[in-house]
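Enquirer: next input, structure requested:
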Amino acid sequence: MHNNEQKQILVIGSYNVGFTCHTSRMPVWGETLLGSGFSVSDGGKGANQAVAAARLGGKVSFLGKVGDDDYGKAGVLMLQREGVCTDDVLYTDAAKTGVGFVFLNEHGENCIIVDPGANHLLSPDDLKKSSIEEADIVVFQLENRVETIEQGMRLGKELGKTVILNPAPAKPELDHLLQLATIVTPNESELLILSGLDPSRSLSSEECRDLALALLQKGPEAVIVTRGENGALLVTKDGQTAQFAAPKVDVVDTTGAGDSFTGALSVAISEGKSLQEAVQFACSVGAFCVTKKDVIPALPTRSELTSFIATLQR
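Expert: From the prediction side, this is the model:
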């Protein structure tokens, strides 16, 4: 596909820098523990999704806010290296760049503390109408202020754009956002939270479909539920329901699988694929992502994805 035919993707969202450390347990107040394996990585759901889309060949720009500090500048340079347009990134000296502190135990389970920092200073006034006008597909997550997200989604809907909402981290009572979305991409726990239910319960395929159908009543044209090793479920306003199997892979790290899925979905749609084809494509990208550690280092290029799909079909 030639770039001039390809639709423009705009990701409005968060950039965080992540600090990861391994520990056998968490310290109690007043205690110091020795950890190991410290690493620093780029993250934030918005940045992850923008890079996922750019690596797959999407035409992508990112709109967000970072601190006027070394971490913010390094994050913007990373996005530029990945081929993401950063003309709409704003700097502020009123807060530091967003950070996440990730603690991993020997079972690979994590607990995370996030200080959103500059991400929470992205205001409705920071959203340039011209940026949304130039895009065909506008992607949102929930790591910025809700009123900013609502304003961006409203502009996108009014301008007739495809508005994708990845409702993560989820919160209940988001009906005002659901009615502005074209496509919503929750995982199972996010689907439960959006439905006002306990996120820790497990869902059968039937329950998953029923909850997705109920979300459709709130406004979106399609709901795509990512279900980990159970693949994905697509339900649409015009009555389609389709289950997609997840490719069988050896799972190393599931962090960022949802972000890779949403980024991939936006690229497939930008290339004119049907929703069914787009979900299948995004499932393959999610499967690739979980076979590697961390998020951005695990995101595939288009050629890596093509090779990966070929090995699955053997």
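Enquirer: any residues touching stretch 29-37, and which ones?
Expert: Contacts to stretch 29-37, defined as Cβ atoms under 8 Å, 6 or more residues apart in numbering, come from residues 20-25, 27, 103-104. The C-beta positions use only the backbone N, C-alpha and C, and glycine is treated the same way.
Enquirer: ok, now with 10 Å
Expert: By Cβ atoms under 10 Å, 6 or more residues apart in numbering, the list of residues contacting stretch 29-37 from outside reads 20-27, 103-104.
Enquirer: ok, these vs residue 129, which is closest?
Expert: residue 20 (38.1 Å; Cβ to Cβ).
Enquirer: now the closest one: closest residue in space, sequence neighbours ignored.
Expert: Using Cβ to Cβ, 6 or more residues apart in numbering and skipping residues adjacent in sequence, the residue nearest residue 20 is residue 102, 4.3 Å away.
Enquirer: state whether that neighbour is indeed within a helix.
Expert: No: Residue 102 is assigned strand when assessed by DSSP: H, G, I helix; E, B strand; the rest coil, not a helix.
Enquirer: that older thread, from the contacts of stretch 29-37, keep the buried residues only.
Expert: Neighbour counting with 16 or more other Cβ atoms under 10 Å marks 20, 23, 103-104 as buried within the contacts of stretch 29-37.
Enquirer: pull the most distant pair out of those.
Expert: That would be 20 and 23, which, of the buried ones among the contacts of stretch 29-37, are the farthest apart (Cβ to Cβ) at 10.4 Å.
Enquirer: any buried residues in the helix-or-strand element of the chain with minimal mean pLDDT, and which?
Expert: Ranked by mean pLDDT, DSSP states H and E, the weakest helix or strand in the chain is strand 110-115, scoring a mean of 87. Neighbour counts over strand 110-115 (16+ other Cβ under 10 Å) mark residue 114 as buried.
Enquirer: so what are the sheet partners of it and their directions?
Expert: Counting by DSSP bridges, the strands paired with strand 110-115 are strand 98-104 (antiparallel).
Enquirer: give the rounded mean pLDDT of the partner strand.
Expert: Per-residue pLDDT over strand 98-104 has a mean of 91.
Enquirer: once you drop chain neighbours, what's closest to the residue most central in space within the chain?
Expert: For the chain, the residue nearest the mean C-alpha position is residue 259 (3.1 Å; Cα atoms, centre = their mean). Using Cβ to Cβ, 6+ apart and skipping the chain neighbours, the partner closest in space to residue 259 is residue 48 (3.7 Å).
Enquirer: after the helix or strand containing that neighbour, which helix or strand is next?
Expert: When elements are assigned from DSSP states H and E, residue 48 belongs to helix 45-55. Using DSSP H and E, the helix or strand that follows helix 45-55 in sequence is strand 59-63.
Enquirer: before we move on, the earlier item: common neighbours of residue 20 and residue 23, please.
Expert: Counting by Cβ under 10 Å, 6+ apart, the contacts common to residue 20 and residue 23 are 35, 37, 103-104.
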